[in-house]
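K.L.:
Just the structure for this:
(2 chains)
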Amino acid sequence: METRSYEKYFRQNRLPHLWCPGCGNGIAMKAIVQAIEHKEGWTQDNTIIVSGIGCSSRASGYMDFDTLHTAHGRAIPFATGIKMANPELNVVVITGDGDCTAIGGNHFIHGCRRNVDLTVILFNNNIYGMTGGQASPMTPLGKKATTAPYGSIDRPFDACKLAEAAGATYVARSTAFHVQHLVKMIEDGMDCKGFSFIEAMVQCPTAYGRRNKIGEPAKMMAWMRDNAVMKNAWDKLPDDKKTAEKFPIGLFYKAETETYDSAYHRIQEMAGVTA
Amino acid sequence: MSARLMQGNEAVAEGAIAAGVRFFGGYPITPSTEIAEMMAKLLPKVGGTFIQMEDEIASMGVILGASLAGKKVLTASSGPGISLKQELIGYASATEIPAVIVNVQRVGPSTGQPTAPSQGDVMQARWGTHGDHSIIAISPWSVREAFDLTIKSVNYAERFRVPVILLMDEIVGHLRENVELPAENEIEIYPRRAPKISRAEGYEPYAPDEDLVPNIANFGEGYHVHVTGLIHDETGFPVGSPKVTEDSIRRMHEKIERAADEIIEVQQEFMDDAEFAVVAFGGTARTAYEAVLNARAKGLKVGFVRLITIWPFADKIIAQLAKKVRGILVAELNYGQLVGEVQRAANGACLVKLCRKYDMTIFEPEEILASIENLVAEVK
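P.N.:
Prediction:
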């Protein structure tokens, strides 16, 4: 069992958190501070946590850094402003599937395109949890939600493919079951200069699992264990084995491209910066 | 500095730089685009940052993030864009993040008449975002004043930690005048407020200072501040209590109300013998001034009252005015917005009439003069 060595990263007086028993958000939140702990030079004073609105985004309030709980979908523009105003800061965005790919979808793709040096972690629970279980753009086809009582007919986004197509320079996925792998994916994303995107699949037993008869939190995590396929193995998997339930995890894309903040520094020099 | 021909929008950009604005986020929209274009050129020269965002909401979000990281910030747009920004104008109000929003008004609603002047956003400036909130809105009538009021907007935003709307109109935005700008040492700058005590001494980011405004630390200074749009107490963390909710909303209003006499600026001319008064603001006030001169040439005792501060509204000044004169004419380039406030403040002490225009053209002095003559005839 892990010692409680990460307590200093949390605001003890804000705990316990409001997430339901068995929720995966706490695992993803801890994975972020574990990644930060491994990062040389990243401290609680020079790292900023920015979130949107929803279950995922309550994480910012529990984390002992400068933290910003923005409006629904708007975390990436705020984070862009922080990083561009002070490039010395490390800026981490915590968002959810509804926050990032629905109401914040435009900010998400343009954040990827612009390539500001941010680390964006999407807690994907496949549902709007905070409002009680409505379908999100990442609710799988056929799954039930309060606004899709007969099963969702809206084709879901693959946020990783979206991020890569839009220009993110680091794209990875992991799950709440694969904790050490998740930490590694986040840490590598933090190492990568540019817009890094990590999808953290998390279980929502209350608003998603229960309604879809997927079972207890442990069963939802067992499902992640049984269906996640490491990227290398996934690439070798014949198409007929890539069933609807199976999904790849790992690093999907990485590139070295000039970040927006360093490109803007060039602009300042071209303009003949005097101050 | 020598005089130079300058456009109103250009004066806003120059004023912003002079005020210490070092971050601009924007999105193209007529008739405010020149401000963004100027900022794109000027900001990198002074080590500042210009960023064109994907939409108006993001433009507002990016400047609020930059403000929290310690920069003085400004964005500019027009009616339709301001409507989109309203979500985060409310956020800035609730979280007390200093920011200036320039609205170069055009004809609405919706896409309306994009290149034509209007003053139809008087109420949007005050009530555009949801919920009870405080705001300051000021409106220039000349190119030089566009420069000066931009600086004032930035100073108010920093001092009161409130969103400030610089309520321009297309008339002033696209007006070109020969102006002489003040020297740097003639410009007063309000610095970013800073914490007065350390974390160890019990610093609370939303604890109000004597003027009811909190001294919120910038991000990256080690204070571990939490900022949220949820109703929060002095620690900055959300609290679901009726008392905290009430105290928080009251303080946001009182910090402005307390300073209202200082914030509210009104220009009054020819009031000594005035029996009537014309109330106007922004570009329309230029025409109203001409109309008042023409009326006085005809022997009518008419005064001129120009509201520089639109919000908070000049209640006391209008109440006194209504007791002094027999009739007030409100000239505005819309269907009638400011007039309701003037009537409320006048509280029946004199007749208040509206001179309105909403056909995408500006007033002619004769139109306002005719309305003055009608008012005089009605009272006599």
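K.L.:
from here on, contacts and neighbour counts on C-alpha atoms
P.N.:
OK.
K.L.:
Give me the phi and psi for the closest residue to chain A within the stretch 151-300 of chain B.
P.N.:
Nearest residue of the stretch 151-300 of chain B to chain A: B:His224, at 4.0 Å (CA to the nearest CA). Main-chain dihedrals, B:His224, degrees, to the nearest 10: phi 50, psi 50.
K.L.:
That one: neighbour count?
P.N.:
By other CA atoms under 10 Å in any protein chain shown, the residues close to B:His224 number 23.
K.L.:
so what's residue 118 up against?
P.N.:
Here I'm looking at chain A. A:Ala79, A:Thr80, A:Lys83, A:Asn90, A:Val91, A:Val92, A:Val93, A:Met190, A:Lys193, A:Gly194, A:Phe195, A:Ser196 (CA atoms under 8 Å, 6 or more residues apart in numbering or on different chains).
K.L.:
I was thinking of chain B, sorry if that wasn't clear
P.N.:
B:Gln105, B:Arg106, B:Val107, B:Gly108, B:Asp169, B:Glu170, B:Leu333, B:Asn334, B:Tyr358, B:Met360.
K.L.:
Among those residues, which one sits closest to A:Lys30?
P.N.:
Among these, B:Gln105 lies closest to A:Lys30 (CA to CA), at 48.1 Å.
K.L.:
Excluding chain neighbours, what is closest to the closest one?
P.N.:
Using CA to CA, 6 or more residues apart in numbering or on different chains and skipping the chain neighbours, the partner closest in space to B:Gln105 is B:Asp169 (4.4 Å).
K.L.:
Now for that neighbour, how many residues are close by?
P.N.:
Neighbours of B:Asp169 (other CA under 10 Å): 34.
K.L.:
thinking again about what came up before, what about the contacts of B:Ser118, which are in strands?
P.N.:
B:Gln105, B:Arg106, B:Val107, B:Asp169 (DSSP state E).
K.L.:
ok, and the most crowded of the residues you listed?
P.N.:
B:Asp169 (34 neighbours).
K.L.:
Quick check: it vs B:Phe281, distance?
P.N.:
10 Å (CA to CA, to the nearest Å).
K.L.:
quick one: A:Leu122 is in a strand?
P.N.:
Yes. A:Leu122: assigned to a strand according to DSSP: H, G, I helix; E, B strand; the rest coil.
K.L.:
hey, what's it bridged with?
P.N.:
A:Thr95, A:Glu199 (DSSP bridges).
K.L.:
Low-confidence stretches in the chain?
P.N.:
Defaulting to chain A. For chain A, residues meeting the criterion pLDDT under 70 lie at A:1-3, A:275.
K.L.:
looking at chain B here, not the other one
P.N.:
Ranges of chain B meeting pLDDT under 70: B:1.
K.L.:
Work out which residue lies at the spatial centre of it.
P.N.:
Against the mean C-alpha coordinate of chain B, by CA atoms, centre = their mean, the closest residue is B:Ala137 at 2.3 Å.
K.L.:
Which of the helices or strands spans that residue?
P.N.:
For B:Ala137, the host element (DSSP states H and E) is strand B:136-138.
K.L.:
Residues of chain A that sit close to chain B?
P.N.:
Contacts of chain A with chain B, taken as CA under 8 Å from any CA of the partner chain, map to A:44-48, A:61, A:64-71, A:74-75, A:77-86, A:89, A:106-107, A:110, A:264, A:267-269, A:271-275.
K.L.:
hmm, which of these are the buried ones?
P.N.:
A:44-48, A:61, A:64-71, A:74-75, A:77-86, A:89, A:106-107, A:110, A:264, A:267-268, A:271, A:273 (16 or more other CA atoms under 10 Å in any protein chain shown).
K.L.:
Just the ones of the residues you listed in helices?
P.N.:
Counted as lying in helices by DSSP state H, out of those, are A:61, A:75, A:77-85, A:106-107, A:110, A:264, A:267-268.
K.L.:
how many other residues sit next to B:Glu378?
P.N.:
Per other CA under 10 Å, the neighbour tally for B:Glu378 reads 10.
K.L.:
element containing it?
P.N.:
Judged by DSSP H and E, B:Glu378 forms part of helix B:365-379.
K.L.:
Return the list of helices and strands in contact with that helix.
P.N.:
helix B:282-297, strand B:327-332, strand B:351-356 (3 or more CA pairs under 8 Å, 6 or more residues apart in numbering or on different chains; DSSP states H and E).
K.L.:
got the buried residues for the longest one?
P.N.:
For helix B:282-297, a neighbour-count test (16+ other CA under 10 Å) marks B:282-295 as buried.
K.L.:
would you list those in JSON lines and tack on distance to B:Phe237?
P.N.:
Output for the buried residues of helix B:282-297, formatted as JSON lines (distance: CA to CA, whole Å):
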{"residue": "B:Gly282", "distance to B:Phe237": "40"}
{"residue": "B:Gly283", "distance to B:Phe237": "44"}
{"residue": "B:Thr284", "distance to B:Phe237": "45"}
{"residue": "B:Ala285", "distance to B:Phe237": "45"}
{"residue": "B:Arg286", "distance to B:Phe237": "48"}
{"residue": "B:Thr287", "distance to B:Phe237": "50"}
{"residue": "B:Ala288", "distance to B:Phe237": "49"}
{"residue": "B:Tyr289", "distance to B:Phe237": "50"}
{"residue": "B:Glu290", "distance to B:Phe237": "54"}
{"residue": "B:Ala291", "distance to B:Phe237": "54"}
{"residue": "B:Val292", "distance to B:Phe237": "54"}
{"residue": "B:Leu293", "distance to B:Phe237": "56"}
{"residue": "B:Asn294", "distance to B:Phe237": "59"}
{"residue": "B:Ala295", "distance to B:Phe237": "58"}
